[in-house]
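**Student:** What follows is a predicted structure for the sequence shown.
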Amino acid sequence: MDALRAEAYACLVAGLSPDAATREPAEHRLSELDAAPEMSQVLMSLVADPHIDVPVRQMAAVLLRRYIEYHWSPHDEKFKAPEPAPEAKAFVRATLLQLLTDESKEIRSSVAYAIASIAENDWPEEWPNLFDSLVMTLRTSDPRAVHSVMCVLREFVIHVSEDQLPAVASTLFPQLYTVLVNDKTFDVRSRTHAVCVFNSLVDAIFQYQSHSKSFATHLLGPMLQQWMEAFHSILTQPDSETVDVGLRSSVVAACRTVSTSYPKLVIKYTHLYFPAIWGILVSLVEPFRRGELDDSEEVVDDDGSVFNQSNFIITIFDFVIAIAFTKSKALRSLVRDRLEELLHFAVLYCTITDEQVDTWASDVEVYIEECSPDSMTTSVRNMSVELLFTLEEQFSARTTLALANTVTRHVTEAFAARERGEADWWKTLEACISAAGRLHESLIEQAQMGKVQFDLSLFIRAVLLEACFIADQPFLQACALRVMGQYSVILPEELHERFINAIGGALQTDRPACVQVGGMYALFELKGSRPEATERLKPYASQLLQCITALAMQANESMMVMIVETVLALVSIDAEVTLALEAKIVPLAVAVFVRGCKDSDMAVTLVALFKDLAAIPGMQQSLQNRVVPTLISMLKSQTNQDLEAHVEVAIEILNCIVASYPAPLNEALLLEAYPALVQTVLASDNSM
């Protein structure tokens, strides 16, 4: 084993070289040595050797963790032979525990996660003393050792079984509390880990219902007050060496878990944490709006989690949303009784940040993704929207009334700020319009029923429609266009022409991309608002189609999807106009088809577009001349796997053209397209 150790050490040293000619052969050889039966012991001995440079030990620790992941247990899905011998495993387990107090933080961190990985397979059967060893280390009050154990426990408790949970939880809760409150002994990261482990244990107790509620009451009841008091202290302290945004975020997350899991137990302690969390939410709104939150001063936890002020706000919103959804009337009342204030702050937190302005202006793809109603992007703005939807779902008419009052208030403030010459006045107005768009159905319904005192007509005329023409604030204009489209279902007859003109102006090639996107969204909404909308758009069909096809010349992939969808919406408005513009529309559709059909949404839209075009009398000749040759060429390329998606779409498009073609079919379809189709089907190994 000495020779293997020497070779592994040499490869580790070479593997740290900046010279690729030295590094890459060493990395390759290390991957080969992975198959050596004694490799786990070799790596462990290198990690444990204090005479070796820390970077080399750290690299050995990384390889050991990888070795454990792939070779430790044949029960793992990723397992690859060989499995270490029992004595090798025993050596690794014992040595890892000794290294929890190593002087190097990097080594301790790697060791902690290696222990957690092994514990998932070996505890308690193969490693019966592990938990007791961890608890004994906790009781030593050695800050370095405790920090390492906390890293282990964060992973360890996730895999504790239902039968093991009572003993583990009852043993750990006092130790975790001791770490949390001793801020002069333990650093802020160790205390953050203590809260996270507490959170995981509480959640696990709730999930394992077979222990019954009496078990939770017996275990949590006696110590819940002291935990809530500790949480109150942390939430009300300013930033310092002992309290930071990471610790506070973890505390809010734990309050969420306790509140939603055991509302009856926690209700008498809400005065300790809910006002404190509410106060933080209120205190951060103005710094957030002014762009004074410095997210560059972030805290990175041992597991890679990133904490900053924006993420903290998101965590608070998640807490409020969870409280709103709980079945406890007493807890829900904490949100309900603050509904108008909460809507006020939710709208303010919808404010576009300077960072978003810069990002969206330079990358329309990001703008489309982050502003989509189905956006999966996590941001303060999107979490505010999620809160709006939650409040509407849970408190219905109360939420709509509160939103109406909030929008009225902030619109007034925005225009007053504009009069004062404040540069960011438009951000408040955009946030109001965005919020009113998100809940437009409720606002319209409640206002029409007289349940909400909100002048929809005035809002549409004086706010939405006017904002559609504020060209020097493109993000405000884009938002107004989109939301105006949502309210077009109640748009007065005399305002339709002005709104359509606003859309046409937005679709000009010299407008910012975000405004063009807003114009397209507005067009979708307007066309689908009422059955008679198609007739209203008919006089403008030619102008709008020409605007859209011109945009295609400069569009990226995300914009192109929207452009094709918009063309699809327009071609059915006036068949004569579409036929007159076929020289622009059909080549555009063909170009998009040739460019790529890997996007399933684009493929579906293209097929629908060609189907609508084929249904227009007089369009068949254009389709035969401009489309069919491309389809035939694509069908003949079926052996190219890169074109497989194209071929499937080509067959669907060809089907649309043939289905609409008047009998009898011409020679091009019969003698060229049909044979190519048959050969494609015969050569294909899928059902298409």
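**Tutor:** Alright, I've got the coordinates.

**Student:** the strands in the protein, which residues?
**Tutor:** 299-300, 306-307 (DSSP state E).

**Student:** could you redo those strands as a markdown table and give each row distance to Y67, mean pLDDT and mean neighbour count?
**Tutor:** All C-beta spots, glycine's among them, are computed from the backbone N, C-alpha and C. Below are the strands of the chain laid out as a markdown table (distance: least, CB to CB, whole Å; pLDDT from 0 to 100; neighbours: other CB atoms under 10 Å):
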| stretch | distance to Y67 | mean pLDDT | mean neighbour count |
| --- | --- | --- | --- |
| strand 299-300 | 26 | 82 | 15 |
| strand 306-307 | 28 | 86 | 16 |
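
**Student:** Just list the residues touching the closest residue to V452 other than its chain neighbours, thanks.
**Tutor:** Leaving aside its sequence neighbours, V452 sits nearest to Q446 (CB to CB, 6 or more residues apart in numbering; 4.1 Å). Q446 is in contact with A397, T400, L401, A404, V452, F454, counting by CB atoms under 8 Å, 6 or more residues apart in numbering.

**Student:** now swap in V411 and tell me
**Tutor:** Neighbouring residues of V411 by CB under 8 Å, 6+ apart: L429, C432, F459, V463.

**Student:** now do F312
**Tutor:** V245, R248, S249, V252, I280, L284.

**Student:** contacting residues around the lowest-mean-pLDDT helix or strand in the chain?
**Tutor:** For the chain, using mean pLDDT, DSSP states H and E, the weakest element among its helices and strands is helix 667, scoring a mean of 73. Helix 667 has contacts (CB under 8 Å, 6+ apart) with no other residue.

**Student:** Run the chain-centre distance for that helix.
**Tutor:** 53 Å (CA atoms, centre = their mean, to the nearest Å).

**Student:** before we move on, the earlier item: take the contacts of V411 and write them to CSV, including neighbour count, distance to Y661 and pLDDT.
**Tutor:** Listed next are those as CSV, based on neighbours: other CB atoms under 10 Å; distance: CB to CB, whole Å; pLDDT from 0 to 100:
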residue, neighbour count, distance to Y661, pLDDT
L429, 24, 53, 98
C432, 29, 53, 97
F459, 21, 50, 96
V463, 22, 51, 97
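
**Student:** among the residues you listed, which two are most distant?
**Tutor:** Distance extremes for the contacts of V411: the farthest pair is L429 and F459 at 11.7 Å, using CB to CB.

**Student:** Can you give me the neighbour number for R420?
**Tutor:** The number of residues packed near R420 is 8, by other CB atoms under 10 Å.

**Student:** who touches it in this structure?
**Tutor:** R420 neighbours (CB under 8 Å, 6+ apart): none.

**Student:** can you give me phi and psi for it?
**Tutor:** For R420, the backbone dihedrals (degrees, to the nearest 10) come out as phi -80, psi -10.

**Student:** got the CA positions of stretch 18-34 in PDB?
**Tutor:** Taking Å, rounded to 0.1, in the frame of the first residue of the first chain, the C-alpha atoms of stretch 18-34 are listed here in PDB:
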ATOM      1  CA  PRO A  18      -1.500  25.000 -13.600                       C
ATOM      2  CA  ASP A  19       0.300  23.300 -16.500                       C
ATOM      3  CA  ALA A  20      -2.200  21.200 -18.400                       C
ATOM      4  CA  ALA A  21       0.500  18.900 -19.700                       C
ATOM      5  CA  THR A  22       1.300  18.000 -16.100                       C
ATOM      6  CA  ARG A  23      -2.100  18.100 -14.600                       C
ATOM      7  CA  GLU A  24      -4.200  16.200 -17.100                       C
ATOM      8  CA  PRO A  25      -2.100  12.900 -17.000                       C
ATOM      9  CA  ALA A  26      -2.200  13.000 -13.200                       C
ATOM     10  CA  GLU A  27      -5.900  13.400 -13.200                       C
ATOM     11  CA  HIS A  28      -6.300  10.500 -15.600                       C
ATOM     12  CA  ARG A  29      -4.000   8.300 -13.500                       C
ATOM     13  CA  LEU A  30      -6.000   9.100 -10.300                       C
ATOM     14  CA  SER A  31      -9.200   8.000 -12.000                       C
ATOM     15  CA  GLU A  32      -7.400   4.700 -12.800                       C
ATOM     16  CA  LEU A  33      -6.300   4.300  -9.200                       C
ATOM     17  CA  ASP A  34      -9.900   4.600  -8.100                       C
END
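
**Student:** And it, what's buried?
**Tutor:** For stretch 18-34, the neighbour count (16 or more other CB atoms under 10 Å) marks A26, R29, L30, L33, D34 as buried.

**Student:** I'd like to know how far the fourth one sits from N199.
**Tutor:** Taking CB to CB, to the nearest Å as the criterion, L33 is separated from N199 by 40 Å.

**Student:** same question, R595
**Tutor:** As judged by CB to CB, R595 and N199 stand 48 Å apart.

**Student:** of those two, who's got more company?
**Tutor:** Higher neighbour count among R595 and N199: N199, with 20 against 11, using other CB under 10 Å.

**Student:** residues contacting that one?
**Tutor:** By CB under 8 Å, 6+ apart, the neighbours of N199 are S250, A253, A254, T257.

**Student:** Spit out the contact partners of the closest residue to S73 other than its chain neighbours.
**Tutor:** Distances taken as CB to CB, 6+ apart put N121 closest to S73, at 4.2 Å, once the chain neighbours are dropped. Neighbour list for N121: W72, S73, H75, D76 [criterion: CB under 8 Å, 6+ apart].
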